[in-house]
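J.: Quick one, fold the following:
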Amino acid sequence: MTVIDVHTHMFTHKWMELLKANAGMYNVKTRPDGQNEIFRGDTPVVIPQKGHFDWKLRIQHMDQAGIDVSVVSLTCPNVYWGGEAISLQAAVEANDNVADAQREYPDRIRWFASLPWEYPQRAVEELERACAKGAAGVMVLANVAGKSLTDPMFAPIWKAIDDKALPVLVHPTDPPGVDAMDMTKFDLSWSVGFMFDTTLAITRMIFEGFFDQYPHLKIIASHGGGTLPYLVGRFEKGDEVELPQRRQMKRKPTDYLRHIYYDNITYNLNTMKYLVSVVGEEHVMLGTDWPHWVHDTAGALAHTAQLPPSQMRAIRGTNALRVFGL
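T.: Numbering: from 1, shown residues only. Here you go, the predicted model:
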């Protein structure tokens with residue numbers, strides 16, 4: 001059985017230097033434990049680890065865990081900072097890094113392209129360049145510098161992705177209003193805000209008829225879909241009482257929840273089992289979040305090992321083989 005990790009991240013040192021020099025709203029602070037952490041203002045975003053920069057260490061981790069292929073992406077704050085030229089430069093840097101790694105480890109590495117979404121023409125151009133270099137999909141944050149993914153300005157990018165029928169990893173970041181919601185302490189922006197960010201982004205897509213407009217998209221909702229599976233009954237009741245003249249989607253909310261895909265990063269076996277019960281075993285894929293401080297490689301594999309064999313095989317690899325055409 002081929003084991004495929006669809007949610008795992010890499011940085012580059014040059015990307016970090018670009019961020020420090022040009023990000024404006026982002027800054028690097030030292031935590032009480034001595035680690036450096038990227039913040040947006042006073043809101044924690046991500047703690048860079050050695051594994052974010054070291055491909056040999058990644059392959060070593062994969063070998064030890066029994067992971068055959070990693071589909072690697074940049075994580076938040078991605079490249080949505082610094083203006084048009086810097087955003088594009090950061091995307092090129094990140095994409096070239098993983099493209100080079102795929103050439104070095106052709107049987108082990110695939111990757112999601114990062115795009116300068118705030119500049120649609122540049123984003124479409126970089127999508128074409130990245131696909132020519134071997135990108136297997138696209139990664140986008142659940143909000144792009146505060147803008148919703150269904151904002152009309154992003155339509156050219158979505159059309160280009162839909163035309164290629166590419167998988168898209170929707171990854172959360174700190175949601176707009178995080179300061180007003182008092183999420184800057186206790187890592188609430190991660191434990192609560194990230195879940196809210198993904199949930200809101202995908203819910204908008206469902207209720208705005210986004211998946212009817214772009215039928216070939218293969219959206220992957222990070223971290224077990226946030227709270228999407230838990231809200232399934234609420235979505236159905238809301239659709240039941242919606243005014244017909246305001247309804248934009250053509251199917252039921254549950255149909256769309258079973259149309260998209262999810263990773264299994266839930267940190268809890270029963271939560272993962274509930275996810276599978278709502279969306280089906282064919283729509284969940286293995287994710288580890290390695291090498292983040294909060295990664296769960298051991299849990300992702302241990303939890304899937306406790307599922308029926310057909311579900312374990314589907315989540316650990318069969319689904320990803322189909323979705324990514326590997």
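J.: Can you show me the helices along the stretch 201-326 of the chain?
T.: 210-213, 222-225, 232-241, 253-257, 269-279, 297-305, 309-313, 319-324 (DSSP state H, counting those that start in this stretch).
J.: Which stretch among these is buried most, on average?
T.: Mean neighbour count (mean count of other Cβ atoms under 10 Å) peaks for helix 222-225 among the helices of the stretch 201-326 of the chain, with a mean of 26. Using the backbone N, CA and C atoms, a C-beta is placed for each residue, glycine as well.
J.: what's the average pLDDT for that helix?
T.: In this model, helix 222-225 carries a mean pLDDT of 96.
J.: How about stretch 242-252?
T.: The pLDDT scores in stretch 242-252 average 81.
J.: buried sites along it?
T.: Neighbour-count burial for stretch 242-252, counted by 16 or more other Cβ atoms under 10 Å, picks out Met249.
J.: Kindly report the same for stretch 99-111.
T.: By 16+ other Cβ under 10 Å, the buried positions in stretch 99-111 come out as Ala99, Ala101, Gln102, Tyr105, Arg108, Ile109, Arg110, Trp111.
J.: With stretch 2-20 instead?
T.: 3-12, 15-16, 18-19.
J.: and Ala165, which of the helices of the stretch 201-326 of the chain is closest to it?
T.: helix 319-324 (10.2 Å; Cβ to Cβ).
J.: May I have the closest one exported as PDB, CA atoms only?
T.: C-alpha atoms of helix 319-324 as PDB (Å, rounded to 0.1, in the frame of the first residue of the first chain):
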ATOM      1  CA  ASN A 319      -7.900   8.300  -2.300                       C
ATOM      2  CA  ALA A 320      -4.900  10.400  -2.900                       C
ATOM      3  CA  LEU A 321      -3.700   8.200  -5.800                       C
ATOM      4  CA  ARG A 322      -7.100   8.900  -7.400                       C
ATOM      5  CA  VAL A 323      -7.400  12.600  -6.600                       C
ATOM      6  CA  PHE A 324      -3.800  13.500  -7.700                       C
END
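J.: Give the other helices and strands that it contacts.
T.: Counting contacts by 3 or more Cβ pairs under 8 Å, 6 or more residues apart in numbering; DSSP states H and E, helix 319-324 is packed against strand 4-9, strand 69-73, strand 284-285.
J.: Residues contacting that helix, please?
T.: The contact list for helix 319-324, computed with Cβ atoms under 8 Å, 6 or more residues apart in numbering, reads 2, 4, 6, 69, 71, 110, 136-137, 167, 218, 220, 261, 281-286, 326.
J.: try it again with 10 Å
T.: Helix 319-324 is touched from outside by 2-6, 69, 71, 110, 112, 136-137, 166-167, 218, 220, 261-263, 280-287, 313-314, 326, with contacts defined as Cβ atoms under 10 Å, 6 or more residues apart in numbering.
J.: now stretch 260-275: mean pLDDT?
T.: Rounded mean pLDDT across stretch 260-275 is 96.
J.: Actually, stretch 151-161.
T.: For stretch 151-161, the mean pLDDT works out to 98.
J.: So which bits of it are buried?
T.: Phe154, Ile157, Trp158, Ala160, Ile161.
J.: Just the ones of the residues you listed in strands?
T.: Using DSSP state E, no member of the buried residues of stretch 151-161 falls in strands.
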